[in-house]
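In: Sequence plus the predicted model coming up.
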Amino acid sequence: MKTIYFDNNATTKVAEEVLQEMKPFFCELYGNPSSMHTFGGQVAHSIRRAREQVAALLGCDPTEIIFTSCGTESDNAAIKGTLAAYPNRRKVITIRVEHPAVLTVCRELKNHGYTIVELAVDKQGRLDLAELEDNLNDDTAIVSIMYANNETGVVFPIAQIAEMVTEKGIVFHTDAVQVVGKIPLNLARSNIDLLSLSAHKLHGPKGVGVLYVKKGTRLSPFMLGGHQEAGRRAGTENVPGIVGLGKACELAGKNIDAENKKVKYLRDKLENAVLKSCPDSRLNGDKDNRLPNTTNISFEFIEGEAILLMLDKFGICASSGSACTSGSLEPSHVLRAMGVPFTAAHGSIRFSLSRYNTEEEVDFTIKKLPPIIEKLRKLSPFVAK
Ligand code: PLP
């Protein structure tokens, strides 16, 4: 059975070109980039090139790139590194729909006496900028607001937010893990101080990420040890991963417009057909300000997991909004924060597409999904018979 992969916000396929670029760094060019010999020096050169490729996609200087092990590490390093650099400031502002890589860090900081403000979002998943402004004060060390939400794809007005926050002398961090490669960025012309990304979300390998640190931003290192990354992140570099990320950024930069157009067309076709053919279905999140590849649809009165299992029988991979993977039956914290009713939040499915999806795959899914929904509704104890 062919796999139809609509779970690209969870992770993406490594591009063939990326894999080819990485291969020599396992068994041929395996030197340590910190070594004095020429053999290691070649590797250091490849890391420099990857840094330039990442910087070109982000529109920043290569010296502003710190390689990390993943998006989660970048988020942790941004928040904890800023608090360590500003020991007299004790307040952190974030939003309720953040990824756990930010939210869990903030909630843990509460146990260490920090004041954490988690701003609410409206029914469409949007932020009230006036409320953010009211919460900024001299005690605020950092504001961390994601660029786009991983479950709904809702994009936040980051340029406006970054300006508002940094104007007050507060550090602004954004988790752009779902954005890099999908939305063009020009960080040199932005007020963003810190930005996180992760290679495996843009057809690069797992286990490598970046923390962008704008020149002049105060940040204490999160990982201590050797002198790698100019003393800002210790640990021998994941060379194949870094080289792969560089190539993934180069590919993303080349194709961003054409890919967005194709992916958005497929996403819209899937979304419109599903909403039309499945009664009691609804779109979650701001329809107009979304990533081009993401749709999050609730099917009232049925369980998302049951839908996923039935889609899986046809080789279709999507994801549900509930946190069942963590062993909890709680529906997604994102949808609950948006006030999506319990019965709808439980039956939510996220389809996230990539450049590798085809129209045939979308057409196949459009055919298979409505009968699944109908069958599950017949079995549901919540539907009025
Ligand atoms: N932030 C967001 C918005 C994400 O979607 C993810 C992964 O799903 C992460 C952070 C964590 O990234 P990583 O898997 O590289 O740790």
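Out: That came in fine, so what should we check first?
In: Residue 355 reaches residue 260, doesn't it?
Out: No - using Cβ atoms under 8 Å, residue 355 is not in contact with residue 260, being 9.3 Å away. Any C-beta I mention is one placed from the backbone N, CA and C, and that applies to glycine too.
In: what sits against the residue in the stretch 201-350 of the chain that the ligand sits nearest to?
Out: As assessed by Cβ to the nearest ligand atom, the ligand sits closest to residue 209 within the stretch 201-350 of the chain, at 5.3 Å. Shown in contact with residue 209 (Cβ atoms under 8 Å, 6 or more residues apart in numbering): 67-74, 177, 196-199.
In: These in helices, which ones?
Out: In this view, those that belong to helices under DSSP state H are 71-74.
In: is the residue of the stretch 201-350 of the chain closest to the ligand in a bridge, and if so with what?
Out: When bridges are called by DSSP bridges, residue 209 pairs up with residue 68, residue 198.
In: pLDDT score for it?
Out: We note a pLDDT of 98 for residue 209 in this prediction.
In: Could you measure from it over to residue 270?
Out: Using Cβ to Cβ, to the nearest Å, residue 209 is found at 29 Å from residue 270.
In: Now render the ones in helices among the contacts of residue 209 as a markdown table, adding neighbour count and pLDDT.
Out: Putting the ones in helices among the contacts of residue 209 into a markdown table (neighbours: other Cβ atoms under 10 Å; pLDDT from 0 to 100) gives the following:
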| residue | neighbour count | pLDDT |
| --- | --- | --- |
| 71 | 27 | 98 |
| 72 | 20 | 98 |
| 73 | 23 | 98 |
| 74 | 29 | 98 |
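In: out of those residues, which touch the ligand?
Out: By Cβ under 6 Å from any ligand atom, the members of the ones in helices among the contacts of residue 209 lying near the ligand are 71-72.
In: how about the helices of the stretch 1-150 of the chain, start to end?
Out: 16-22, 24-27, 38-58, 71-85, 100-110, 129-135 (DSSP state H, counting those that start in this stretch).
In: Out of those, which is the most enclosed?
Out: Greatest average neighbour count among these goes to helix 71-85 (a mean of 24), per mean count of other Cβ atoms under 10 Å.
In: name the helices or strands packed onto it?
Out: Contacting helix 71-85 under the criterion 3 or more Cβ pairs under 8 Å, 6 or more residues apart in numbering; DSSP states H and E are the following elements: strand 65-68, helix 100-110, strand 140-144, strand 171-175, strand 194-198, strand 209-213.
In: And the contacts of that helix?
Out: 66, 68, 89, 92, 99, 101-102, 105-106, 109, 114, 141-142, 144, 171, 173, 175, 177, 194, 196-198, 201, 209-211, 218-223, 233.
In: Extract the CA atoms of that helix and return them as PDB.
Out: The C-alpha coordinates for helix 71-85 follow below in PDB (Å, rounded to 0.1, in the frame of the first residue of the first chain):
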ATOM      1  CA  GLY A  71      13.800  23.200  17.800                       C
ATOM      2  CA  THR A  72      13.200  22.300  21.400                       C
ATOM      3  CA  GLU A  73      16.700  23.000  22.300                       C
ATOM      4  CA  SER A  74      16.600  26.400  20.500                       C
ATOM      5  CA  ASP A  75      13.400  27.400  22.400                       C
ATOM      6  CA  ASN A  76      14.900  26.300  25.700                       C
ATOM      7  CA  ALA A  77      18.200  28.100  25.000                       C
ATOM      8  CA  ALA A  78      16.400  31.300  24.000                       C
ATOM      9  CA  ILE A  79      14.200  31.600  27.100                       C
ATOM     10  CA  LYS A  80      16.700  30.300  29.700                       C
ATOM     11  CA  GLY A  81      19.600  32.100  28.100                       C
ATOM     12  CA  THR A  82      17.800  35.400  28.200                       C
ATOM     13  CA  LEU A  83      16.700  35.000  31.800                       C
ATOM     14  CA  ALA A  84      20.300  34.200  32.800                       C
ATOM     15  CA  ALA A  85      21.500  37.300  30.900                       C
END
